[in-house]
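Colleague: From the sequence below, what's the structure:
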Amino acid sequence: LTMSKDASYVRVDDYASGGVRYAEIKHVPLDTPAFEGAPPGLIHLHGKDFDTKSFKFPGWQGTQKLEFENLQPADVSKMYHPSRGTLSEIYATAICGNDLCSSVLYVVGITVAVAGQLAPICLLLVGGLLYLFTWIYGEACTAFPMNGGTYNLLLNTTTKTIAALAACLTLLSYTATAVVSAAESATYAFNLYPVMDVYWITIALMAAVCLLAILGIVESALVSLSIFILHMGSMFALVIVGGMFAVQNQDVFWSNLSLPLKYSWPVSLVAGFCTAILGVTGFESSANFIEEQKKGVFPKTLFNAWAIVLILNPLLSLVVLAVVDLSKINESTGDVLAVAAHIAGGELFGLWISAEGALVLAGAVLTAFVGVTGLVRRLATDRCLPGWLLEENLLRRTNHWIPLVFFAFCASLYAILRGRVISLASMYTLAFLCVMALFAYGSMMLKYKRGRVRREVEAPWVACVVGLLGVLLALFGNLYMQPSSLFYLAVYFGLVAGVMMLMFERVRLLKYLLFFASRSPEGVREALEPATVDAIGNIRSQKIVFFAKTANLEILNKAVAYIHTNELTEWIKVVHVFKDAEDPMIPKLAESLAIIDRCYPKVLLDMVLVEGSFSPELVMQMSQALDVPRNFMFITARGPTSPTTWASSAACASSRTDAVRPAARSPRARGPRASD
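Modeller: Have a look, this model is predicted:
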């Protein structure tokens, strides 16, 4: 595109005919420049720095000045990432299930130790709560089927800052999963073969999983499936062997039932519930790689995960009660399943369960790397994290920097802790419960603010409320039982959130640097000022596209206010798709934009008119023509009567980004929900 300072209607370079034409009405210089000494609103355009307050939107001046050009056809190969839609139901279930099932290795033992004979009931209650979350996750993720999980949901229902802070909790959860699971897996391996060093086994395991994540999602899924099938087979074999032992040795079960509870039965039930909910950690993982799953697979993955928790966890607790002496269970809560296998099936079977436990814990590490790759890719495309994380290698077209940086972070954290991961384990519980609570809250906000968005699943209000209350009960219960875990969560969250906030506030920090540079000695000022001004301009020069269907001032104001509040940019291009060049909506929209332009003097406004029909292909064409990544292209909510769903209108997942994102309601603007 060519930049002009003396013409409001700019002719663009010719494109190969794609059947769609567009013309652009660009900003022009003000007749009276901004007053001298005004704070700069710098933006970097075509190698030069401009002050946005020195330009205005000219408004409508007649169709005779419009010069339409053809859009080039969309490059279909770039519309979707190669990993998009590659996972079938069994592979997606395996990736999520390894994280979910690894928690069985320790949660059954500690639940029985806390709740005694009530452990199976506690685990069934957790299964009931998880059933509510299959509805909650199903509604939110079918409404916005993009990677990011809680971040993606809160981004579309609250503000970007809140969503980013929620993403920090998810990142902490994945970090704790990777480090703790790797350390536990190495410990299991050490128990089988004491010659090995636990510290270096842990590092080596995370490095191997990092390499596997770089190879790609398909290779990771194949390994995950192998581990998952082996683990499920081993667990059901344990149930069968333990059941046979229980039938032949019924005195153990009845003896355990006759023992008194550790607390009164209501307290034991609540404490057991708060402990047993750790058995569903990993359920949230599937939402962070939803784009890699085939269409319609995600709800099935949720159901499969719920079925595993509902059936397997209570059965295994019954096996423990029927095989292991309850009075001695505190001595072996961490490996109680291996102990039960040893008693019921002999030494070799016990060793097999231990070895298989090490393997499934390694699978949980792999799940953490897969989940964090999807989440960080989304955060980086939204400029919450550095953009260089999105670089792809030529061999596999995977984002190699994400697993490499995650491995470096996890390995260095493990080294700093000197292998003592108890603080991470304490923090992990609270981080996971906070993520689940925020997801339930976000689902309610979705119903309230974005009720018109089409979704395949709709959770009843009672499911959202009861789900949120259940998770909050578990959260406060764990805080009461382990108050020190709050300190660890605050420390780790503060570190991760601090890095995230630096990304959000980098323009403000650069302004502070510019201020001090202007009052520094001449040599320092000449060295810092140009580089700082250039950095601010580059950050703010990211163009944002908003597809406007009407000239409604309220809708336009909400969109501009949201972008101005949540995005580090001062340049917005409003795109209107039409079929008739004489449509009276066009001049009305231009007049409305002229008003909006006066309300936001720091914002640079352009108007783009596209003759055609709105479609995913058109979104891709405009993304190519305007050089705007699709995650920086906004639309209002697609209603239930819209011919396209939110995901299809978004043309989700390009090679670098995800989709057109609907603009959430601005915190500055109240009133009715924005319509199409």
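Colleague: Could you use CA atoms for every contact and neighbour count after this?
Modeller: Will do.
Colleague: partners of the closest residue to residue 547 other than its chain neighbours in the sheet?
Modeller: Closest residue to residue 547 in three dimensions, ignoring its sequence neighbours and counting by C-alpha to C-alpha, 6 or more residues apart in numbering: residue 575, at 4.7 Å. Residue 575 forms beta bridges with residue 547, residue 608, as assigned by DSSP bridges.
Colleague: Confirm residue 459 sits in a strand?
Modeller: No. When DSSP: H, G, I helix; E, B strand; the rest coil is applied, residue 459 is found to be coil, with no strand at that position.
Colleague: Could you measure from residue 471 over to residue 429?
Modeller: The spacing between residue 471 and residue 429, counted by C-alpha to C-alpha, to the nearest Å, is 11 Å.
Colleague: For this protein, which segments count as strands?
Modeller: 9-10, 21-25, 28-29, 42-45, 48-51, 55-56, 69-70, 543-547, 571-578, 604-611, 633-635, 661-662 (DSSP state E).
Colleague: pLDDT on the fourth one, on average?
Modeller: Same thing as strand 42-45. Mean pLDDT, taken over the full extent of strand 42-45, equals 58.
Colleague: Give the burial count for residue 418, as a bare number.
Modeller: Look at residue 418: counted by other C-alpha atoms under 10 Å, it has 10 neighbours.
Colleague: thinking again about what came up before, and the residue nearest to residue 547, how many neighbours?
Modeller: Residue 575 has 23 neighbours, counted by other C-alpha under 10 Å.
Colleague: The chain should start at 51 in everything you say after this.
Modeller: That works, and once the first residue is 51, the last one we named lands at residue 625.
Colleague: Surely it and residue 661 touch.
Modeller: No. Under the criterion of C-alpha atoms under 8 Å, residue 625 makes no contact with residue 661, lying 10.6 Å away.
Colleague: Among the strands of the chain, which comes closest to residue 409?
Modeller: Checking the strands of the chain against residue 409 by C-alpha to C-alpha gives strand 711-712 as the closest, at 39.2 Å.
Colleague: what pLDDT, on average, does that closest one get?
Modeller: Across strand 711-712, the average pLDDT comes to 40.
Colleague: Stretch 665-681 too?
Modeller: Per-region confidence: stretch 665-681 scores 85 on mean pLDDT.
Colleague: Please apply the same query to stretch 162-181.
Modeller: Per-residue pLDDT over stretch 162-181 has a mean of 91.
Colleague: Pull out the buried positions in that stretch.
Modeller: Taking 16 or more other C-alpha atoms under 10 Å as the basis for neighbour counts, the residues of stretch 162-181 that come out buried are 162-177, 179-181.
Colleague: what do you get for stretch 421-440?
Modeller: 421-435, 439-440.
Colleague: For stretch 180-192, what is the distance to the chain centroid?
Modeller: When distances are taken as C-alpha atoms, centre = their mean, to the nearest Å, stretch 180-192 is centred 15 Å away from the chain's centroid.
Colleague: Take that stretch, keep the C-alpha atoms, and write them as CSV.
Modeller: The C-alpha atoms that make up stretch 180-192 are tabulated as CSV, following Å, rounded to 0.1, in the frame of the first residue of the first chain:
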residue,chain,number,x,y,z
LEU,A,180,-16.3,-32.9,36.7
TYR,A,181,-19.5,-33.8,34.8
LEU,A,182,-20.7,-30.2,35.3
PHE,A,183,-17.4,-29.0,33.9
THR,A,184,-17.9,-31.1,30.7
TRP,A,185,-20.9,-28.9,30.0
ILE,A,186,-19.0,-25.7,31.1
TYR,A,187,-15.9,-26.4,29.0
GLY,A,188,-18.1,-27.7,26.1
GLU,A,189,-20.0,-24.5,25.8
ALA,A,190,-17.1,-22.1,26.1
CYS,A,191,-14.8,-24.0,23.8
THR,A,192,-17.4,-24.7,21.1
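Colleague: what does that stretch rub up against?
Modeller: Taking contacts as C-alpha atoms under 8 Å, 6 or more residues apart in numbering, the residues outside stretch 180-192 that touch it are 199, 203, 330, 337, 340, 348-349, 352-353, 356, 489-490, 493, 496, 505-510, 513-514, 516-517.
Colleague: tally of neighbours for residue 317?
Modeller: Counted with other C-alpha under 10 Å, the neighbours of residue 317 add up to 14.
Colleague: Contact partners for the residue nearest to residue 423 when sequence neighbours are not counted?
Modeller: For residue 423, the nearest residue in space outside its immediate sequence neighbours is residue 452; the separation is 6.0 Å by C-alpha to C-alpha, 6+ apart. Each residue near residue 452 by C-alpha under 8 Å, 6+ apart is listed here: 422-423, 426-427, 439-440.
Colleague: can you name the two of the residues you listed that are farthest apart?
Modeller: The distance between the two most remote of these (C-alpha to C-alpha) is 13.0 Å, for 422 and 440.
Colleague: Tell me where the chain is predicted with low confidence.
Modeller: 51-69, 80-104, 111-116, 124-133, 268, 381-384, 687-726 (pLDDT under 70).
Colleague: With residue 180 as the reference, measure out to the residue most central in space within it.
Modeller: Centroid-nearest residue in the chain: residue 198, 1.8 Å away (criterion: C-alpha atoms, centre = their mean). Per C-alpha to C-alpha, residue 198 is found 20 Å from residue 180.
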